[in-house]
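Trainee: how does the following fold in three dimensions:
(2 chains)
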Amino acid sequence: AQSVSQHNHHVILSEAASLELGCNYSYGGTVNLFWYVQYPGQHLQLLLKYFSGDPLVKGIKGFEAEFIKSKFSFNLRKPSVQWSDTAEYFCAVTPGRGGYNKLIFGAGTRLAVHP
Amino acid sequence: KAGVTQTPRYLIKTRGQQVTLSCSPISGHRSVSWYQQTPGQGLQFLFEYFSETQRNKGNFPGRFSGRQFSNSRSEMNVSTLELGDSALYLCASSSSNEQFFGPGTRLTVL
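Mentor: Numbers count the residues shown, from 1 in each chain, chains lettered A, B, ... in the order given. So this is what the prediction gives:
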């Protein structure tokens, strides 16, 4: 069965620190990869997505992620975090062919950014 | 464009009752998916409907069911509620491979 692992459940950073959140998935075939963010009291929002092509994808608010196929990883990065990045971050996958919209989510990482 | 809307936003039920939650997708979106979010299990896929047909199903018991209408609006039903069904139920609509989530319905089972 497909699964998604997020290594860090809680991360605490100071503003301007760099961020990297790990995500690994288990699925042997083609996958679509996503990072979603849930700000306090708000909807889940898409940060970025990877379907194919350049493995380094850029998303909103300065976030980027790199797909490394050999490592089954899709880590999220941001060079300098802000207090407003405090949120919960979810990595998710769907099978690349015929997987339609069945998102398999990781457990999430709660990020707290201190001023 | 209006986003995904879910009603009601909050619901309190007692064990053994049943509940129906509603989701209106973004206009033009034909796919609606449902997810359950709990502190212990995280976000779990329930099912997806596309053009009034269930296209994908997660690993939930038969007490969880859904349907989709010709206008793409969807409902999910949970029968014989259990305490463990307390959760945030999220609906997402899609026109391709990207899903847009609604605010959720928070169900509390007492």
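Trainee: how far away is B:Gln44 from chain A?
Mentor: 8 Å (Cβ to the nearest Cβ, to the nearest Å). The way it works is simple: take the backbone N, C-alpha and C, and place the C-beta from them, glycine included.
Trainee: what sits against the residue most central in space within chain A?
Mentor: What sits nearest the mean C-alpha location of chain A, by Cα atoms, centre = their mean, is A:Trp35, with 3.3 Å. When contacts are counted by Cβ atoms under 8 Å, 6 or more residues apart in numbering or on different chains, A:Trp35 touches A:23, A:46-49, A:59, A:63, A:65, A:74, A:76, A:89-92.
Trainee: emit the PyMOL select command for whichever of these are buried.
Mentor: Buried residues within these, by 16 or more other Cβ atoms under 10 Å in any protein chain shown, are selected in PyMOL with:
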select buried, chain A and resi 23+46+47+48+49+59+63+65+74+76+89+90+91+92
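Trainee: including distance to chain B and pLDDT, could the contacts of A:Trp35 go into a markdown table?
Mentor: As requested, these are arranged in a markdown table below (distance: Cβ to the nearest Cβ, whole Å; pLDDT from 0 to 100):
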| residue | distance to chain B | pLDDT |
| --- | --- | --- |
| A:Cys23 | 13 | 97 |
| A:Leu46 | 6 | 93 |
| A:Leu47 | 12 | 96 |
| A:Leu48 | 11 | 95 |
| A:Lys49 | 6 | 93 |
| A:Gly59 | 12 | 94 |
| A:Phe63 | 16 | 97 |
| A:Ala65 | 15 | 98 |
| A:Phe74 | 15 | 97 |
| A:Leu76 | 16 | 97 |
| A:Tyr89 | 12 | 98 |
| A:Phe90 | 7 | 97 |
| A:Cys91 | 11 | 97 |
| A:Ala92 | 8 | 95 |
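Trainee: so of the contacts of A:Trp35, which ones are in strands?
Mentor: A:23, A:46-49, A:65, A:74, A:76, A:89-92 (DSSP state E).
Trainee: for the spatially most central residue of chain B, which non-adjacent residue is closest in space?
Mentor: Nearest to the mean C-alpha position of chain B, by Cα atoms, centre = their mean, lies B:Trp34 at 3.7 Å. Nearest residue to B:Trp34, sequence neighbours excluded (Cβ to Cβ, 6 or more residues apart in numbering or on different chains): B:Leu46, at 4.1 Å.
Trainee: how about B:Ser65?
Mentor: Nearest residue to B:Ser65 in three dimensions, chain neighbours excluded: B:Asn77, at 5.0 Å (Cβ to Cβ, 6+ apart).
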